[in-house]
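Undergrad: Quick one, what's the 3D model for this:
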Amino acid sequence: MHPAHGFDRALWPPDQVGQVTGLYLGLVDEAAPGLVEGLYLRGSLDFGEWYAATSDVDFVAVTAGRPTPEQLRALRDVHTRVGETFTRPPFDGFYVTWADLARPSYDCPDVACTLAGDWRDEGRVDPVSWHELAWHGVHVRGPRLEDVEIWTDLQALREYSHRNLGEYWAPALDQLRAVVPDRLDELEPWIVPWFVLGIPRLHHLLATGRLTSKDGAGHHAVAVFGERWRPLVAEALAYRATGELTGAYDGDAARLADDVVTFSSLALDAALALDSHPGGTMSP
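TA: Have a look, this model is predicted:
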């Protein structure tokens, strides 16, 4: 059963999201009639979070069958037109079938998708997307998510998240460490929320058995790792909300960068130390 949510679904999604999805559906129905039978949204939007300056619209489009080469070309053109009309927010996601949703994500073949506005005829899906849809997804078109068969497996989600820490976040943090001493002027502000919220988001999943949003990850970070990190987390949350840093570090880029690396190392080590095969489970 689809879990209860902490905000009024009748008022969701926001107008800006509705404009993007409305344009997309109008264009795709004209270009490929009957192809898109379901459209759902995932990501932090599912938790009631939306920031016009920084948020993305992450979608899952469901089709009756695999798009033909002609339909793939039509979809690529549709996404180009959506991106030309709305430079923000990015409209990213993938195309799956109803049968795909009902089976493990790792059994799903490569599917058509858009990533950071770039069209790809083939891309991989991951178990996070399935669980976000099943537990928190936002309905736009098609049957209600309560009535859609969607595969979930908390243990598989834990294992994927643990691997992601080691295979993605650990190397990314090593790269950041290498950059910080000599090239502070090349560090982009988005790096602050990317690391400071991204790693605790996975720690939260492994520690609680529940998904959370980026804002939720920030609150989790302070609760678990202590008040010492509240100013850094506040800076990450501020950038997420406004697209700008607050200046709380008084322009001291070196101190900010050092805090990002130190905190991220602490959170990563703590997350990797969590057992991906806990004895118990928790509900969404």
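
Undergrad: Let me know whether A248 touches P231 as I believe.
TA: Yes - using Cβ atoms under 8 Å, A248 is in contact with P231, at 5.9 Å. Any C-beta I mention is one placed from the backbone N, CA and C, and that applies to glycine too.

Undergrad: Name the residue in these two with the higher neighbour count.
TA: With neighbours defined as other Cβ atoms under 10 Å, A248 and P231 compare such that P231 has more, 15 against 12.

Undergrad: Doesn't the more buried one belong to a helix?
TA: Yes - counting by DSSP: H, G, I helix; E, B strand; the rest coil, P231 falls inside a helix.

Undergrad: That one is in contact with T246, isn't it?
TA: No - applying Cβ under 8 Å, one finds P231 not in contact with T246, separated by 9.5 Å.

Undergrad: Next, the contact list for I191, please.
TA: For I191, the contacting residues are L176, V260, by Cβ atoms under 8 Å, 6 or more residues apart in numbering.

Undergrad: can we see that at 7 Å?
TA: The contact partners of I191, taken as Cβ atoms under 7 Å, 6 or more residues apart in numbering, are V260.

Undergrad: Against L197, how distant is it?
TA: Per Cβ to Cβ, to the nearest Å, I191 is found 11 Å from L197.

Undergrad: Next: F47.
TA: 13 Å.

Undergrad: the more surrounded of these two?
TA: L197 (25 against 19).

Undergrad: need the next SSE after whatever helix or strand that one lives in, C-terminal direction.
TA: If you go by DSSP states H and E, L197 is part of helix 191-208. From helix 191-208 onward toward the C-terminus, using DSSP H and E, the following helix or strand is helix 214-225.

Undergrad: for the record, mean pLDDT for that following helix?
TA: Across helix 214-225, pLDDT averages out at 97.

Undergrad: So R240 is in contact with A52, correct?
TA: No - the pair formed by R240 and A52 falls short of the contact definition of Cβ atoms under 7 Å, at 11.7 Å.
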